[in-house]
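Novice: Take this sequence and fold it.
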Amino acid sequence: MRFDILTLFPAMFQGPLTESILKRAQQAGKITIHLHDIRDWATDRHRTVDDAPYGGGAGMVMKAEPLAAAIQAVQAADEPGGPVVLLTPDGELFNQSIARELATLPRLILVCGHYEGIDERVRERLIDREISIGDYVLTGGELAAMVVVDAVARLVPGVIDSESIVEESHSDFLLEYPHYTRPAVWEGLAVPSILLSGHHGEIARWRRSERLRRTLARRPDLLARAAAAGVLTKADLALLAEWGWQPPGSGWNTDGHE
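Specialist: Numbering: from 1, shown residues only. You can find the predicted model right below:
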């Protein structure tokens, strides 16, 4: 998969995209990451990419001409094409489902917004999708682009062992179960005995119940989404009912039966 990132500050990506799993994925040829400095498409000697907003107000706005030229040049630079995604606080909220969707694409072009935003005409004409990584405002889209690349790249086949992402948090709207490693007792705290039993069926059931317990305690909103998606079994629903939770609008009673 190819990632193209259009930014005013390409040096910010050194480190986050050149270490650990992303580094190995690039070395293995599973992904490629290309950085493009939007200032390279400015036409004046000062490489100006922003201007004051029409109508007045605080801040500056990214100019249409250099940004549009950058997007069009990058789009034409390689095949196949890919959607142009603007990282912006008013985009759709990024989640694991979107990450999985984007990971199926051969190419993704990310535009890092800055200042008060970009000229609206570029959004209307050249942006295919807008994504936000949370309900807060950053100084620019670079950190958001790093998050999207990391979340999407790890789902590209061959980047991470497929078994490692089957039961991780948000893979099916449930949070991940607790993990333990040696020593078996640390500062008086013991590893749950079931994990030392060697009974794989019981371990699997314990892990499933812990995923449900943790999701109920920390993110009960995800349980409603899991129920709506049909990923909760009758055993899951019965266990959740014992803990006092039922799907919104369901006909399930406290015994987990319809």
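Novice: Report the buried residues of the host helix or strand of Leu67.
Specialist: Here Leu67, judged by DSSP states H and E, is contained in helix 64-76. By neighbour count on 16 or more other CB atoms under 10 Å, the buried set for helix 64-76 is 64, 66-68, 70-71, 74-75. For every residue, glycine as well, the C-beta is placed using N, CA and C.
Novice: Then stretch 195-215?
Specialist: By neighbour count on 16+ other CB under 10 Å, the buried set for stretch 195-215 is 195, 203, 206-215.
Novice: per-residue confidence at the closest residue to Glu116 other than its chain neighbours?
Specialist: For Glu116, ignoring the flanking residues on the chain, the nearest one in space by CB to CB, 6 or more residues apart in numbering is Gly59 at 3.9 Å. Gly59 is assigned a pLDDT of 93 by the prediction.
Novice: cool, and the one 3 residues further on?
Specialist: At Met62, the model reports a pLDDT of 95.
Novice: Show me the helices in the stretch 1-150 of the chain, by range?
Specialist: 20-27, 64-76, 96-102, 120-126, 142-153 (DSSP state H, counting those that start in this stretch).
Novice: ok, and which of those has the densest surroundings?
Specialist: Each of the helices of the stretch 1-150 of the chain was scored by mean neighbour count; the highest is helix 142-153, a mean of 21, by mean count of other CB atoms under 10 Å.
Novice: got the angle between that helix and helix 20-27?
Specialist: With axes from the mean of the first three to the mean of the last three CA atoms, to 10 degrees defining the directions, helix 142-153 sits at 70 degrees from helix 20-27.
Novice: Which strands or helices does helix 142-153 pack on?
Specialist: Contacts defined by 3 or more CB pairs under 8 Å, 6 or more residues apart in numbering; DSSP states H and E place helix 142-153 against strand 2-7, helix 20-27, strand 84-93, helix 96-102, strand 107-112, strand 129-132.
Novice: In the stretch 101-250 of the chain, where is pLDDT below threshold?
Specialist: Within the stretch 101-250 of the chain, the stretches with pLDDT under 70 are 163-170, 250.
Novice: If we use 90, what do you get?
Specialist: Scanning the stretch 101-250 of the chain for pLDDT under 90 picks out 115-116, 161-173, 248-250.
Novice: one step back: for Phe173, which of the helices of the stretch 1-150 of the chain is the nearest?
Specialist: Comparing those against Phe173 with CB to CB, the closest turns out to be helix 96-102 (8.5 Å).
Novice: What's the local residue count around the closest residue to Thr139 other than its chain neighbours?
Specialist: Excluding the flanking residues, the one nearest Thr139 by CB to CB, 6+ apart is His114, at 7.9 Å. As a burial measure, His114 scores 24 neighbours (other CB atoms under 10 Å).
Novice: is it true that His114 touches Leu8?
Specialist: Yes: His114 lies in contact with Leu8 (CB atoms under 8 Å); the separation is 5.6 Å.
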